[in-house]
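1. Here is a sequence together with a model predicted from it:
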Amino acid sequence: MRPGPHALPTAPIASPSHPGWRDRLLAWRHRLIASPRFQRFAAAFPLTRPTAHRNASALFDLCAGFVYAQVLAACLRLDLFRILADGPLAPDDLARRLDLPPDRALCLLRAAASLNLVTALRDGRFALGDLGAALLGNPSVAAMVAHHAMLYDDLRDPVALLRGTHAPTRLSGYWAYAGSDDPAGIDGAAVESYSALMGASQALVAHDILDAYPLKPHAHLLEVGGGEGAFAVEAARSAPRLHVTLFDLPPVAARAERRFAAEGLAGRMTARGGSFHEGLPHGADAVSLVRVIHDHDDGPALALLKAARAALPPGGTLLLAEPMAGTPGAEPVGDAYFGFYLLAMGSGRPRTPGELTGMLREAGFARVREHRTRRPMLVRLLVATAP
Ligand SMILES: CC(C)=CCC/C(C)=C/CC/C(C)=C/C=C/C(C)=C/C=C/C=C(C)/C=C/C=C(C)/C=C/C=C(C)/C=C/CC(C)(C)O
Ligand SMILES: C[S@@+](CC[C@H](N)C(=O)[O-])C[C@H]1O[C@@H](n2cnc3c(N)ncnc32)[C@H](O)[C@@H]1O
């Protein structure tokens, strides 16, 4: 387990012995909301009823979220959405296809319908729901849900995880490079599973990044921590004159190399193996870090940004793309999901665009701008220029 908590940027805090009027107002509001009498009143009074119901519902969802996630996991394991892809089916037919007793199948179908994963039709049959249909188009999400079994185990005692007293986590074993003293020495078997998961899920983010920042103006991209090369391949396809060098741990780079050959792109794409903690190859006019910086604690993350700066010529461009903390409308994705995910992994943390901008400046980049992506929940993009 990693040592103590990270130092975080601090904001001025009102002294608890002299609370300001805002603190007193907040304390009064919280006492009121905590009062069972007020809760009963607010749930009945027409002007407060909608907010009271919304809050009660939000709190219930927080209590029950892990059950909802297991309903989803069961649907995916039983292949329910693919079974329904050809059209609605009666519960008995579904029970047979799912290999479940009829009453258990109905239990799952009703649960899935309540979560908009499937739809209960008036004639008693069940059809795909909007969310189930969306999942069919994103097979990598199903792979993510399956691998969450490890995260479930690691979150069994969240306080031990926070205190650093947890036994070694399953995710820290899965992500072999997390906390490794010799990442370049990691063997092929240790990278196979996470590389395949990342390769599949890169489809979720690659187009969003390339649409937000077209690479056509560049001659040579160094794709750092590029995994099996899904982003690198999309980048090369989006800019037909672009040369791409992918840099990753040796066994991962070997997987990417095979992919470039299979895609017929070996002429302008190469993969190099090594550890980026030892520096980066020079010669590219753009460097990309896709879902890489958040894996690393502040010291190594800053060192990597400095290595990227050193690898670029004056005017060169750095693309930093990953899910970020504090994303408006998706705060729980960055701060809760990735915050705890990376805690379980034992390395890194999600950072706000402001924190990353500060690190990029400290690493020597001159201009940092955010380019809006289509789905900031999944990936945001900072583009920095080397002076
Ligand atoms: C048809 C008509 C007329 C109207 C329909 C109404 C309408 C507009 C409906 C919308 C339908 C639609 C297009 C829906 C689309 C939904 C999509 C695209 C959903 C996408 C969901 C994506 C999800 C849930 C992604 C999940 C990603 C996860 C869990 C990622 C995890 C990543 C990890 C663990 C990464 C680890 C890497 C590390 C270690 C942190 O570095
Ligand atoms: C979370 S994955 C992201 C992969 C890919 N960029 C994506 O978005 O799918 C992080 C990548 O960084 C690579 N990596 C981790 N430590 C590394 C190191 N010290 N040197 C080079 N690559 C490393 C991993 O092998 C992995 O492919």
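-> Nice, thanks for sending it over. Ligands and ions are numbered 1, 2, ... in the order given.

2. okay, CA-based contacts and neighbour counts for the rest of this
-> Will do.

3. what helix or strand does Leu320 sit in?
-> When elements are assigned from DSSP states H and E, Leu320 belongs to strand 317-322.

4. actually Leu215, not the one I typed
-> Assigned by DSSP H and E, Leu215 belongs to no helix or strand.

5. how deep is the closest residue to it other than its chain neighbours tucked in, by neighbour count?
-> Nearest residue to Leu215 in three dimensions, chain neighbours excluded: Ala239, at 6.2 Å (C-alpha to C-alpha, 6 or more residues apart in numbering). Using other C-alpha atoms under 10 Å, Ala239 has 16 other residues around it.

6. Over to Ala325?
-> 26.

7. how far away is the residue nearest to Leu215 from ligand 1?
-> Distance of Ala239 to ligand 1, computed by C-alpha to the nearest ligand atom, to the nearest Å: 25 Å.

8. Please work out the average pLDDT along the strand holding Leu320.
-> Across strand 317-322, pLDDT averages out at 98.

9. Now do that strand: everything it contacts.
-> 209, 285-294, 308-309, 378-386 (C-alpha atoms under 8 Å, 6 or more residues apart in numbering).

10. near ligand 2 at all, stretch 133-144?
-> No - on the criterion C-alpha under 6 Å from any ligand atom, stretch 133-144 is out of touch with ligand 2, staying 11.3 Å away.

11. Run a quick neighbour tally on the nearest residue to Pro102 once chain neighbours are set aside.
-> Counting by C-alpha to C-alpha, 6+ apart, Pro102 lies nearest to Ala95, which is 5.3 Å off, once chain neighbours are set aside. Neighbour count for Ala95, taken as other C-alpha under 10 Å: 19.

12. The contacts of strand 317-322: which ones sit near ligand 1?
-> Arg291, Val292.

13. Give me the subset of the contacts of strand 317-322 that lies in strands.
-> Judged by DSSP state E, strands contain the following of the contacts of strand 317-322: Ala286, Val287, Ser288, Leu289, Val290, Arg380, Leu381, Leu382, Val383, Ala384, Thr385.

14. Closest one of those to Gly129?
-> For the ones in strands among the contacts of strand 317-322, the closest approach to Gly129 (C-alpha to C-alpha) belongs to Arg380, at 28.5 Å.

15. In this protein, where's the longest helix?
-> Scanning the chain for the longest helix, with DSSP state H as the assignment, gives helix 49-77.
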